[in-house]
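Enquirer: Need coordinates for the following:
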Amino acid sequence: MAHILSVNVGRPREAAWAGIGRTSIDKTTVSGAVRVGRLGLDGDEVSDTRHHGGPDQAVYVFAREDLDHWEGELGQPIPDGQFGENLTTSGIDVNEAEIGERWQVGEVLLEVRSVRTPCNDFKVWMGRTGYDSTAWVRRFAQLARPGPYLRVLGEGSVRAGDELSVVHRPGHGVTVSTMFRALHTEHALLPRLLEVPDLVPGVREKAESYLAGR
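Expert: Reported below is the predicted structural model:
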C-alpha cells in the first residue's frame with residue numbers, strides 16, 4: 001500500500017553558504033496531523049521565494065525508495081526529509097506519476113504539477129551534513145528521479161501513515177521523469193510536454209521556445 005512515511009517541515013535559517021543567505025532545506029519530521037493549505041504545510045516556510053513556493057510548488061515529495069538508492073550510492077544512511085521533501089512516501093514510484101495526476105492523501109487532494117531542479121544550495125547542504133557532494137547536481141540530474149512538486153486542490157490534514165491513493169491519471173504519458181529529462185538532460189523531449197493540459201507556464205514557455213528555434 002502506498003503511504004506517507006513522514007511529514008517534514010522547515011523554516012528559514014540563516015546560512016552564509018546559501019545563495020540568498022538563508023535556507024529552509026533543513027526539515028524536521030513532525031508527529032501528528034499537519035494542516036495543508038493552498039501554499040503548503042503549516043510550519044513550513046520557503047526561503048527563496050523567487051525559485052520556490054507558490055501554488056504550483058506547495059508540497060515537495062520524495063520517495064523512500066529513492067533515498068534508499070542514494071544510501072547505496074553514498075554509502076551511509078539518509079534520514080527522511082534530508083532532501084528537503086515535505087512528504088516522504090513509500091510504495092509508489094512518484095517519478096512515474098504523470099503530470100496532472102491526482103493523489104488523495106489523508107484529507108488532502110494533491111495534483112502532480114512540476115519537478116524539482118537541483119541547485120548549488122542542495123549540493124552544499126549535502127556536503128555540510130556529511131555526504132559526498134562531489135558533482136552532486138550532475139549526479140542527481142543524471143538519475144532523473146527528482147520527485148515532484150504538488151499543487152493542493154483540496155485542503156485538510158495529513159500525517160505519517162496516511163494512505164496515498166491515485167484518484168486520477170490523465171493518460172498522456174508525460175511523467176515526472178519525462179519532464180525532468182526534457183528540461184535538463186534531453187531537450188528533444190520538450191515538445192512532448194505540450195501534451196500536458198494546463199502545463200506550468202514557465203515550462204510551457206521553454207517547450208514553445210524550443211519548438212520555435214528548431
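
Enquirer: Scan this structure for its longest helix.
Expert: helix 201-213 (DSSP state H).

Enquirer: give me the number of residues near residue 21?
Expert: Residue 21 has 12 neighbours, counted by other Cβ atoms under 10 Å. Backbone N, C-alpha and C define where each C-beta goes, glycine included.

Enquirer: With residue 129 as the reference, measure out to it.
Expert: Separation of residue 21 from residue 129 (Cβ to Cβ, to the nearest Å) stands at 18 Å.

Enquirer: Equivalent analysis for residue 202, please.
Expert: Taking Cβ to Cβ, one finds residue 202 at 30 Å from residue 129.

Enquirer: and what of residue 40?
Expert: 23 Å.

Enquirer: More neighbours: which of these two?
Expert: Between residue 40 and residue 129, counted using other Cβ under 10 Å, the more crowded position is residue 40 (23 against 13).

Enquirer: which residues touch that one?
Expert: 46, 53, 58-59, 86, 152 (Cβ atoms under 8 Å, 6 or more residues apart in numbering).

Enquirer: Lowest-confidence entry in those?
Expert: Least confident of those in the model: residue 53, at 72.

Enquirer: Now do the contacts for it.
Expert: Per Cβ under 8 Å, 6+ apart, neighbours of residue 53: 39-40, 46.

Enquirer: which residues sit against stretch 5-13?
Expert: 22-30, 34, 41-47, 64, 80-81, 84-90, 158-160.

Enquirer: Quick one: the strands in the protein, in order.
Expert: All strands of the chain, identified by DSSP state E, fall at 3-9, 13-14, 22-23, 28-30, 34-37, 40-41, 59-63, 87-90, 102-105, 108-115, 148-154, 156-158, 164-168.

Enquirer: Within the sheet, what are the partner strands of the fourth one, with directions?
Expert: It stands for strand 28-30. The sheet places strand 28-30 alongside strand 3-9 (antiparallel), with pairing taken from DSSP bridges.

Enquirer: For residue 179, which non-adjacent residue is closest in space?
Expert: residue 115 (5.1 Å; Cβ to Cβ, 6 or more residues apart in numbering).

Enquirer: My guess is residue 183 contacts residue 203. True?
Expert: Yes. Residue 183 is within contact range of residue 203, at 7.0 Å (criterion: Cβ atoms under 8 Å).
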